[in-house]
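*Asks:* I would like to see how this sequence folds:
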Amino acid sequence: MAALQTVQKLGPILDLFTVRKPEWGVSEVAAQVGVPRSSAHALLSSLVDIGLLQCKSRGRYRIGWRVVELNETLKDTVDVKSCAAPVLQALSERFGETTHLAVLERYRVMYVDKVIGNHVVNVTGARVGSQLDAHASAVGKVLLAHCTPRELERNITGKPLRRMTPATITDPEVLRRELRATLRNGCAVDAGETVADVQCVAAPIRDEMGVVVAAVSITAPVNRFTAAQHEFRRAVIEAAAAVTKAIATSTECPRSCTAIDPALAAVG
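*Replies:* Down below sits the predicted model:
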């Protein structure tokens, strides 16, 4: 039990290391995680021992180089990103808008890939590797819609929903209705809920067992989105289906997905 509790504390510590604050001291970590300084030091030392952190001068900690090795392993083994890459590119080229691929990481959205659109006035979109509140994004709502009610209550609706813009859903019951609509419609819309004047639509990607593992989205300024929203919805659903098919029919996506498949041509 003690070992399990230790492992459960390591995740929140790693979450502290971000682009904005890449370096932390023992006392800072202890205060943020809510553990004694001695416990924080022991946890940080354990992460140093396995290479996930490195200890710099003056007892300051940064992300370790083992993360690079793990990232390379991830790129070589995660089929969804390889299979989605040509579809994201085709979808972006078709409309000139930014497209994203995202997964659910500890009930927050993590963006794992994107293609930036080519309009003069463009949406840069979320940075690859960044994490955002799931309830306020189209990709997040798609992924949450496929969680169990118990998971949602424990991790999302049972906690305060952070408001990011005036349009952000903060009422748990409204969010539940939105997630039920997402299941019926096969897609979810972000109506300026993360960034005002920016909207997007997303659809779910399934693995070979039919489990939702990721979401694909198209993002645009509100004026362009409103004018083409029905076409965007159809195209995103088609794109998600194309990635799902590529995952199900291919054992080596990096090679097989380079060929032009009829399902991919539908979004290009």
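*Asks:* Any stretches of this protein with poor pLDDT?
*Replies:* Within the chain, the ranges that satisfy pLDDT under 70 run 1-7, 71-78, 250-268.
*Asks:* what about 50?
*Replies:* 1, 252-268 (pLDDT under 50).
*Asks:* next one: phi and psi at the residue lying farthest from the centre of it?
*Replies:* The outermost residue of the chain relative to its centre, with distances by CA atoms, centre = their mean, is R58 at 34.3 Å. Taking degrees, to the nearest 10, you get phi 60, psi 30 for the backbone angles of R58.
*Asks:* How much space separates it from R127?
*Replies:* 29 Å (CB to CB, to the nearest Å). Yep, even glycine has a C-beta here, placed from its N, CA and C like the rest.
*Asks:* Now stretch 165-184: buried residues?
*Replies:* Buried residues in stretch 165-184, counted by 16 or more other CB atoms under 10 Å: A167, T168, I169, P172, L175, R176, E178, L179, T182.
*Asks:* how far is it from where the chain is centred?
*Replies:* How far stretch 165-184 lies from its chain's middle: 18 Å, per CA atoms, centre = their mean, to the nearest Å.
*Asks:* Same check on stretch 54-66?
*Replies:* That offset, for stretch 54-66, works out to 26 Å (CA atoms, centre = their mean).
*Asks:* before we move on, back to that, the closest residue to the residue farthest from the centre of the chain other than its chain neighbours bridge partners, please.
*Replies:* Leaving aside its sequence neighbours, R58 sits nearest to G25 (CB to CB, 6 or more residues apart in numbering; 7.8 Å). As for beta bridges, G25 partners with R60 under DSSP bridges.
*Asks:* Can you tell me the number of residues neighbouring G25?
*Replies:* Residues lying near G25 (other CB atoms under 10 Å) number 15.
*Asks:* just checking, what packs against the helix or strand hosting A235?
*Replies:* Applying DSSP states H and E as the criterion places A235 in helix 222-249. Applying 3 or more CB pairs under 8 Å, 6 or more residues apart in numbering; DSSP states H and E, one finds that helix 222-249 contacts helix 79-95, strand 198-206, strand 212-221, helix 253-256, helix 262-265.
*Asks:* Would you mark the buried spots in the first one?
*Replies:* Put plainly, it is helix 79-95. 79-92, 95.
*Asks:* for S130, what are its contacts?
*Replies:* M110, Y111 (CB atoms under 8 Å, 6 or more residues apart in numbering).
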